[in-house]
Each structure stands twice: as structure tokens, then as C-alpha cells.
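*Asks:* Using only what follows, build the 3D model:
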Amino acid sequence: MLEANYLTRIEEVIDASGITSRIEESLSIGPRPRQLCVRTLFIGIMAALGDNRPGHLTRVHEALTGLSQYDQRRLGVLIEVNGLDHLLTYRQVEYTTHRVVVTLSNGAENGFLPGDMSTVVDALTEASIPALYKKSSTSLAVDWTDVESYANPVSAKELAAGALPSADPDASWGHRRGDNPGQSDEVFFGYYLSLATMVQDEGKSKVPEVVRRANLTTCSVDPVPAFVPVLRNLRASGVVIGDILADSGYAHRIANNWALPLRIMGANIVTDLHPSDRGCQGTFGGAILFNGNLYCPATPQALFSIGPLPRQASHQDTVENDEKSTELANYKISPITSDDQDGYYRASCPATQGRVRCPLKEKSMTLGFNCPEISQPPEHQPTCCTQATLTVPPSVNAKTRQKHDYPSAAHRLSYSRRTAVERSNSRIKDAATINISKGFCRLTGQVPLMLFLVCAIVVRNLAVIDAFEIHQQENSRRAAEGKAPLIRKKRRRSLTDLVTEVASSG
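*Replies:* Predicted coordinates for the structure are as follows:
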């Protein structure tokens, strides 16, 4: 039986969202009153998922009929008809679900989530976050993952032979990472689920890694630009957007589809550059475009060999990489103003800013000899050398410009927060909890699948908040006793660790 405290919490989330009353008003009146209202349906879905049951309507029915008799009468699961008790039937659960799906499917576009369904998703995810944590961070980590449809695809050859079309007309073929040895990726039939997970701001206290926004698109739609309107709606609701952390899948896109809209929102991009976007990408006003920044044309070529550290980089390699990044930063043509309304900003050369000694800037030669010196300035001085400042349009480094120099230590530390969204994906895919693998929801179509997915996200958020608060309480208790805070155990063990363990035990 479901715990009373948990039942109260999911009721509070549903009521705070305000979506069930709006859906109920939009449902047309049938030939007879429905026993199952929309609010109770959402409670049943979250109750089933919170009890680690799959997203099946039979499990929703079991969750509702498994409540205490008091809660059944209060929620309309058990009513009195002609003096006799009438318990909710599975057919009534199926009927109300169908009515809700039809209502939320209005205005559906090809591959995109309908506007009414998007409103439900935004309202429920935001309502699942307590007011205490809503303004605790402005940083979001974003990523997409695969969600396989329960229906099987039908090929064109089978259709020509007279076979019926797929039971899921919204799903399409997509790519995901393969799990087999030597397999880089594989195809699947279904959707892309995009999540925006709240992470701690740089230098600030930890926050619960709750999912703040979600979106579901068919695989025929690029999930990156499709997620921009979701973030824009989040910004329009009054939420301040700070850092946006994303992997190279988001960086390797048209600037108009991702980077530029985010900058208009005032977001700071922290991303892993795609291999095709790394390195020197031409010049602007004589300045060298490298890894999203502008650099002096007299920068030593050896510094442009810097790249991201491999996962198994040694401590010595890390130190050398960071030293080279610090040295390269001395030659950066840095902004001296923030972006204006049109995205333009002004920058000046490193000699003018007092970071290098350059014979073309007499004042810079008075700097100490601990500053690097340009021994061979350009013979034909470009614009960046002749002008006091350089006006940089938004088209320069449009895709690659970001908050920190890539791949510096500051960037690496900031980007490490992105793993929060990976934990969000793994939590809802964990076979021991919700497990949104194929068969999780046997309803076909984009809207019914998203209906169960958003309820799964709410259940996941509540669990994350509970774990976070328990951890914080334990750290407070340990601090009062003069003990060190809890540290997450290292789960990844390398070959060296295993060899050391064997040697020590022998």
C-alpha cells in the first residue's frame, strides 16, 4: 500500500501545477458522469510509478484500488451507486486516459510536442520543485536520450505487401549509442527525450539535481533546436538562466539553432567543442580564431596544439595542459565590454591590457620581464594591431564562443557539472526503479508516452529531493560533532586499482 506521506506529496504537486482542473474543464461532458476524474488519474499514474511499477494502465488501476478505503472514497475510486459501493474499473481508467490524450493532442505538429501537452509538462516539473530550491541555482545541464516505442516499425516493403501501418504513427527511426563491444551506435524506433537538470552554480552550495524542463520529439526532428523554445518559455516564466552545460552534440550545430538564441536569453554557454570546431578556424581583423576565442596574430604556434585532456590523463599531463592553457590566455584578445543589444562587443589586444610586452605598443614595454614578450610582431600590421579596440560581431565564433577558455582548468571544472543530466537519464532508465525501456508504457503515440514520462520525472524529482535533504541533514549532524562531511565513494576502478588490490592482498 502507498505511504500516506507520499500520496499527500504527489497530490500537492498536482494541485500546485493547476493543470488537472484546466484539463477537466476542456473535456466535453459525456452521456453520463465519469467516476474517474483527471486529478485522480494523475495521482494513480504517479502512485504506480512511485511504487516501481511500469507505466501500464492496469498498474494504474491496481495502484488506485490498492489505496486505503478512506483515500478511495476521497478520490472517487470508491463511490456509492444506488446504495451500493462501486469500485473503479479498468475500463473507466482506460476511458478517462483516452479523453485526456485526445484533449492534449490538439494542435499537434509533425514531430513536435503539442502546445497543450508542453504546458502540462512545464507545469508539473516546475511544481515538483519546492519553493526553497527554485532560486537556489541558475545553471542547467541539458542532454537528450532515446525512448523506444512499444510498437514495432513497419517497412515500406511490408506496407506494399499489404501489411498494416505501425501502431505508433508518431515514432520514427533514430540513432543511439550501442552497448555491444565495438559498436559505436545503433538504430532504434521511437523518440528523443530532452532534459534540463538543475546543477549548482560555480562556487556556490550544492543543490538537488532536479529536472526542471523536459521535451519529447520524434527522431525525425533535431532535438537541439526543438529544446530552445522550452528554455525560452522557462525564461519567460521569470526563471533566470545562467550557465547552460551541454556536450559536443549541442556544440556541433548551426549557431542560429542553439548558441545564438541562448545568448539572447542571457545564458552562458559551457560546452565541449565538437572535434570539427576545435583548433584554428580562420581569422577576424587579423586575430586568430581558436577554440571560440580571439588571439594575437603573434601567438606562438606551439600553444595552438593544446586540446582536451583524455579521460585517463595522468596528473603530470593535466598540470602541463593547464600551464599551457594559462600561457595561451596571455595572448587572448579579451572583451572589454559586455554584449550590447545586438550581440556586438569590443575587445582589445593583450598588450593594451598589460598581459604581454609588444614593441608595437610602447607602453607595454614598461611591463615586467615576467610577462611574455612578442619578439616578431606582424610585418603588415592587421586591424587588431592598429586599432585601440576591435568591434566583434556576433557572427564571429558564433558556435564556439563560451564562458571559459577551452580547454582550460576553469572550463574543465565548470563542465564537470554536466554529469548531473547523465544521472537524470540513468535514474529514469534504471531497471531497479522506473526503467523507461521498451514496454515501460504500452500506449502508443507521442502524447500518451509523454504523459507517463512527465509523471516519471516528477516521481524522480521527489526521490532526488528526499535523498538530498537526508544527505544535508547527515552532514549537519556530522559538522555539529566535529566530523568531516560525507564524501561520495569512488565507484570507477581502473586496472591499476585492481592490480594494487591483488598485490596488497597477496
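*Asks:* Break this structure down into its structural domains.
*Replies:* 1-104, 108-273+400-492 (automatic domain parsing).
*Asks:* can you redo those domains as JSON lines with distance to Thr283?
*Replies:* C-beta here means a position set from N, CA and C on the backbone, and glycine is covered the same way. Formatted as JSON lines, these follow (distance: least, Cβ to Cβ, whole Å):
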{"stretch": "domain 1-104", "distance to Thr283": "51"}
{"stretch": "domain 108-273+400-492", "distance to Thr283": "14"}
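*Asks:* which residues of the chain fall in strands?
*Replies:* With DSSP state E as the criterion, the chain has strands at 78-81, 84-87, 139-148, 172-177, 185-199, 211-218, 243-246, 268-271, 280-284, 287-290, 293-295, 334-335, 345-348, 390-392.
*Asks:* Adding mean pLDDT, write these out as TSV.
*Replies:* Output for the strands of the chain, formatted as TSV (pLDDT from 0 to 100):
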stretch	mean pLDDT
strand 78-81	90
strand 84-87	91
strand 139-148	96
strand 172-177	89
strand 185-199	94
strand 211-218	96
strand 243-246	96
strand 268-271	95
strand 280-284	93
strand 287-290	94
strand 293-295	95
strand 334-335	92
strand 345-348	94
strand 390-392	93
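*Asks:* Tabulate those (TSV), appending distance to Gln316.
*Replies:* TSV is the format used below for the strands of the chain (distance: least, Cβ to Cβ, whole Å):
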stretch	distance to Gln316
strand 78-81	69
strand 84-87	70
strand 139-148	30
strand 172-177	31
strand 185-199	30
strand 211-218	39
strand 243-246	28
strand 268-271	26
strand 280-284	27
strand 287-290	24
strand 293-295	26
strand 334-335	29
strand 345-348	34
strand 390-392	36
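*Asks:* Spatially central residue in the protein, please.
*Replies:* Computing the C-alpha centroid of the chain and ranking residues by Cα atoms, centre = their mean puts Val142 first, at 2.0 Å.
*Asks:* That one against Ile241, yeah?
*Replies:* No. Using Cβ atoms under 8 Å, Val142 is not in contact with Ile241; the gap is 10.9 Å.
*Asks:* If you count neighbours, what's buried in stretch 205-217?
*Replies:* 207-217 (16 or more other Cβ atoms under 10 Å).
*Asks:* what's the answer for stretch 126-140, then?
*Replies:* Applying 16+ other Cβ under 10 Å to stretch 126-140 flags 126-130, 133, 136-140 as buried.
*Asks:* What is the nearest of the buried residues of stretch 205-217 to Leu7?
*Replies:* Leu7 lies nearest to Val210 out of these, by Cβ to Cβ, at 20.3 Å.
*Asks:* Let me see the contact set for the closest one.
*Replies:* 128-129, 133, 197-198, 461, 464-465 (Cβ atoms under 8 Å, 6 or more residues apart in numbering).
*Asks:* go on, Phe42?
*Replies:* Contacts of Phe42 (Cβ under 8 Å, 6+ apart): 14, 20, 455.
*Asks:* Now do the helices in the stretch 301-450 of the chain.
*Replies:* 315-329, 383-386, 409-415, 419-429, 446-480 (DSSP state H, counting those that start in this stretch).
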